[in-house]
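*Asks:* Okay, predicted coordinates and the sequence, questions at the end:
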Amino acid sequence: MSRRHAREAAMQALFQLDMIKPAPDKEEEAQRQAVESSWKAGNVRKVSELDEGYASALVKGTRENLQSIDEAISVKSRGWKLSRMAAIDRSILRLAVYEMKYIEDVTPGIVINEAVELAKKFGSDDSARFINGVLGAMVEK
């Protein structure tokens with residue numbers, strides 16, 4: 001297993017949570033269930049504790065910092081409101097922005113590459129280019 005699998009599971013969990021919009025008092029349990037179902041959906045038979053922990057931490061951190069993350073995306077998405085974005089693109093962007101802003105031991109280039117790969121696998125034909133553009137704008141000085 002790898003961080004790539006953990007990111008994929010986290011993105012799928014974030015997508016699920018975006019769709020179901022759990023009540024605040026149900027958030028923690030909803031996160032746990034979403035991550036678990038993401039591993040099952042990916043047909044991953046054996047998940048290391050490290051990968052499971054990383055995926056859970058990504059989901060928890062992204063959800064806890066959602067307002068700040070969404071503001072950062074809105075600033076760089078040039079005319080695209082979050083509500084108009086495809087839900088899968090929104091989930092990928094949120095995950096990537098969380099990693100770039102809040103996790104110290106990741107390189108922005110790697111995060112962007114992983115996000116683009118997720119977009120190619122799960123998004124539309126235009127998703128990878130859109131996500132690359134938004135995330136690239138975030139790292140430009």
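*Replies:* Cool, got the structure.
*Asks:* how close does Gly63 sit to Ala86?
*Replies:* Let me fix one detail, which is that residue 63 is Arg and not Gly. With the distance defined as Cβ to Cβ, to the nearest Å, Arg63 ends up 19 Å from Ala86. (C-beta placed from N, C-alpha, C; glycine too.)
*Asks:* how about low-confidence regions in the protein?
*Replies:* 1, 41-47, 141 (pLDDT under 70).
*Asks:* circling back: who has more neighbours, Arg63 and Ala86?
*Replies:* More crowded of Arg63 and Ala86, by other Cβ atoms under 10 Å: Arg63, with 21 against 15.
*Asks:* ok, that one to Arg78 distance?
*Replies:* 25 Å.
*Asks:* and what of Lys26?
*Replies:* Applying Cβ to Cβ to Lys26 and Arg78 gives a distance of 35 Å.
*Asks:* Over to Asn65?
*Replies:* 22 Å.
*Asks:* Not counting its own residues, what contacts the longest helix belonging to the chain?
*Replies:* Secondary structure of the chain per DSSP state H: the longest helix is helix 3-20. Residues from elsewhere that reach helix 3-20, judged by Cβ atoms under 8 Å, 6 or more residues apart in numbering: 30-31, 34-35, 37-39, 41-42, 44, 47, 51-52, 54-56, 58-59, 62-63, 87-88, 90-92, 94-95, 99, 114, 117-118, 121-122.
*Asks:* Who are the packing partners of the helix or strand that it is followed by?
*Replies:* Sequence-wise, the next helix or strand downstream of helix 3-20 (DSSP states H and E) is helix 27-41. Counting contacts by 3 or more Cβ pairs under 8 Å, 6 or more residues apart in numbering; DSSP states H and E, helix 27-41 packs against helix 3-20, helix 49-64.
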